[in-house]
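**Student:** kindly generate the corresponding structure for this input.
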Amino acid sequence: MVEESGEILSSRLAVKLPSFWPQCPELWIKQVESQLAAANIKSDTAKYNALVASLEFDTISQVSDIILNPPAQDKFEGLAKQLIERFAENQTSRLSKLLVTELGDKKPSQLLRDMKNLAAGSLTPEALKILWLQRLPQQISTVLMVSQDNIDNLAVLADRMIPLLSKEVNPVSSCPVTSDLSSEQHIRVLEEKLDRLTKSVDSLSRRKTETKQSTAVPDICW
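**Tutor:** Down below sits the predicted model:
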């Protein structure tokens, strides 16, 4: 009992757990477990007390039945499981959010990560790719749509393309068009930029294919 009480005291002094993430309870529990393991807190009672101490009133009120009457064993696991079950969104709710997620001020790669989290493995890679491309600026999605590269590599390319696109668009948004000729010129510039981006993606894909072929083991004829 003395040893256990000492560990509980140690947990209070050494571990400051992050605030609860109601939008992602399972990920939060994983981080809590990592911090408790790093602090060498092993007993169920000490882990449970650290977990309860980290919860705000709004969260505790949702699991008050567990806290007021905790199980005799596996208290930490029991509370963690209930936090996940009571705060985790169901699949329908996540997919509804996925369908209305927009790029906004995010990088394309961040948008992709958010969409993957919402999809939670319920979509095929091709379906996720299509939904993600639909949320990118048309000039970029048109280029990336023809690429056979995997979606994570496409996200890296999209991150690099966004600043280039902004350089072309910002002058038009900040300066009024003075004539039909300047408007036509701007359209040609955008078309040229799109063509260069397309060639860049094609060139990158060819280099990757050539690299794979050059590293392959050649057939040996005897």
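**Student:** low-confidence stretches in the chain?
**Tutor:** 1-14, 90-91, 166-222 (pLDDT under 70).
**Student:** how does it look with 50?
**Tutor:** Applying pLDDT under 50 to the chain flags residues 1-4, 11-12, 169-181, 183, 217-222.
**Student:** surely residue 56 and residue 20 touch.
**Tutor:** Yes: assessed by C-beta atoms under 8 Å, residue 56 is found in contact with residue 20 at 6.6 Å. All C-beta spots, glycine's among them, are computed from the backbone N, C-alpha and C.
**Student:** ok, those two, which is more surrounded?
**Tutor:** Between residue 56 and residue 20, counted using other C-beta atoms under 10 Å, the more crowded position is residue 20 (21 against 10).
**Student:** how about that one, nearest residue that isn't a chain neighbour?
**Tutor:** residue 59 (4.9 Å; C-beta to C-beta, 6 or more residues apart in numbering).
**Student:** so that neighbour sits against residue 21, correct?
**Tutor:** No: Residue 59 is beyond contact range of residue 21, at 10.0 Å (criterion: C-beta under 8 Å).
**Student:** picking up where we left off before, count of neighbours near the residue nearest to residue 20?
**Tutor:** For residue 59, using other C-beta under 10 Å, the count is 19.
**Student:** next: residue 105.
**Tutor:** Around residue 105 there are 6 residues (other C-beta under 10 Å).
**Student:** contacts only, for residue 144.
**Tutor:** Residues in contact with residue 144 (C-beta atoms under 8 Å, 6 or more residues apart in numbering) are 133, 136, 154, 157, 158, 201.
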